[in-house]
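Chemist: fold the following and give me the result.
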Amino acid sequence: MPSGFQNDTNQLQAEMYRAVITMSNATYYPTADSNDNGGVTPNSSDSFATLPTTLAKGQARARGNMRFRNIVNRLSGLGDCQIRDITITEANGDAQATSLAFTVAYDRPALIDVSGTAVDGSTAITTTALEIRDAIARGIRDVTVSTVRVYNGTTSEDTQMSITVTTTGATATQTFGTVAVTLIDETSLFD
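Modeler: Predicted coordinates:
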């Protein structure tokens, strides 16, 4: 090794993780009109050629989008990250997503604290993948109230509305079980 070289936890050691949220269980991710519906989606109403047909469907779409924002906030709270390669299964503005997958990349994953207990209350967090999985599950479960844009299919217009997002129909353990995270790439970056 050259003289003066040393490893530093602040040096770039990029890692990418693939996260998958499975939302096909209607008990865990309800579709009936309520503050717990909407699943998780990065798409807003105007992401589709076929828009939500009712106000209730527009509100569900907004709730799913708010949950995705909660997840992004939780992930960026762990460290500077990038969200890439989003793949989602949803047909149109009325359809709730049944699965969502994305890649989250951290340039300095060594700075992420991997300790404590996951949201399920029993899983010890010992790896970065488990910390990311926990952050996603907590983001899904975050109770949020926000004024957001909602498409009302009945009147064919957007409206600013206060929307409440509560936990989905799943327990903390069930929510944690619908999230999977795996390390897909680890690269050392050099100047």
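Chemist: quick check: phi and psi at T167.
Modeler: Backbone torsions of T167, given as degrees, to the nearest 10, read phi -60, psi 150.
Chemist: what residues sit buried inside stretch 157-171?
Modeler: Buried residues in stretch 157-171, counting neighbours by 16 or more other CB atoms under 10 Å, are found at 163, 165, 168-170. For every residue, glycine as well, the C-beta is placed using N, CA and C.
Chemist: what's the end-to-end length of it?
Modeler: End-to-end span of stretch 157-171 (CA to CA, to the nearest Å): 35 Å.
Chemist: off-centre distance for it?
Modeler: Offset of stretch 157-171 from its chain centre (CA atoms, centre = their mean, to the nearest Å): 15 Å.
Chemist: can you lay out the buried residues of stretch 157-171 as a markdown table showing secondary structure and pLDDT?
Modeler: Below are the buried residues of stretch 157-171 laid out as a markdown table (DSSP: H, G, I helix; E, B strand; the rest coil; pLDDT from 0 to 100):
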| residue | secondary structure | pLDDT |
| --- | --- | --- |
| I163 | strand | 97 |
| V165 | strand | 97 |
| T168 | coil | 93 |
| G169 | coil | 90 |
| A170 | coil | 95 |
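Chemist: just checking, Y17 touches L183?
Modeler: Yes: counting by CB atoms under 8 Å, Y17 touches L183, with 5.6 Å between them.
Chemist: hmm, back to that, as a markdown table, the buried residues of stretch 157-171 with distance to I86 would be great.
Modeler: As requested, the buried residues of stretch 157-171 are exported to a markdown table (distance: CB to CB, whole Å):
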| residue | distance to I86 |
| --- | --- |
| I163 | 22 |
| V165 | 20 |
| T168 | 20 |
| G169 | 24 |
| A170 | 22 |
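Chemist: which SS class is the spatially closest residue to A129 that is not a sequence neighbour?
Modeler: Using CB to CB, 6 or more residues apart in numbering and skipping the chain neighbours, the partner closest in space to A129 is V181 (4.7 Å). Per DSSP: H, G, I helix; E, B strand; the rest coil, the secondary structure class of V181 is strand.
Chemist: wait, G39 touches A62, no?
Modeler: No: contact criterion CB under 8 Å: G39 and A62 do not qualify, at 11.8 Å.
Chemist: between the two, which one's more packed in?
Modeler: G39 (28 against 23; other CB atoms under 10 Å).
Chemist: how is the spatially most central residue of the chain assigned, secondary-structure-wise?
Modeler: Centrality entry for the chain: nearest residue to the mean C-alpha point is I71, 3.7 Å, by CA atoms, centre = their mean. Assigned by three-state DSSP, the conformation of I71 is helix.
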